[in-house]
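S.K.: Let me see the structure of the following:
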Amino acid sequence: MTGMVALYIFMLAAFTGYEVISRVPVILHTPLMSGSNFVHGIVLVGAMVALGHADTTLEKTIGFIGVLLAAGNAVGGYVVTERMLEMFKSSGSRGGRETH
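M.R.: Numbers count the residues shown, from 1 in each chain. Presented below is the predicted three-dimensional model:
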C-alpha cells in the first residue's frame, strides 16, 4: 500500500466517523462511549502487537509511544464514562446524603 492510498483511507475514515458521530442523538452518547472504550482496548492490543514486532530503535520508540497513547485513551474513556454515568444516579445513591 502506498502512502497516498493510506492517506486517502485515513481521510475517508475520519470524514465518515465525524459524520456518523455528529448525527448520534444525545441520549445515545453514554452507550456509544462505552462501545468506543472497547475499540480503544483493541487499539491498545494492536499497538502492543506492533511493538512486539518492532526491530529497529525507531520502530520500538514509535510503538512504545503508541502503547502509551492507546493506554491513556482507554483509561480516559473509562473515566469519562464513569463520570457520565454518575450524572444519572439519584442524589441518595451517590454515597453521601445531602441535607436540606
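
S.K.: So what touches the helix-or-strand element of the chain with minimal mean pLDDT?
M.R.: In the chain, no helix or strand scores lower on mean pLDDT, DSSP states H and E than helix 29-52, which sits at a mean of 81. Under the contact criterion C-beta atoms under 8 Å, 6 or more residues apart in numbering, helix 29-52 has outside partners 21, 24, 60, 63-64, 66-67, 69-71, 73-74, 77-78, 80-81, 84-85, 88. Where you see a C-beta, it was placed from the backbone N, CA and C, and this is true even at glycine.

S.K.: all helices for this protein, in order.
M.R.: Remark: helices assigned in the chain by DSSP state H are 3-22, 29-52, 57-87.

S.K.: Provide a list of residues in contact with I27.
M.R.: Under the criterion of C-beta under 8 Å, 6+ apart, the contact list for I27 is empty.

S.K.: now the angle between helix 3-22 and the least confident helix or strand of the chain, please.
M.R.: 160 degrees (axes from the mean of the first three to the mean of the last three C-alpha atoms, to 10 degrees).

S.K.: how about helix 29-52: buried residues?
M.R.: Residues 36-37, 40-41, 43-44, 47, 51 are the ones in helix 29-52 that count as buried (16 or more other C-beta atoms under 10 Å).

S.K.: No further queries at this time; thank you.
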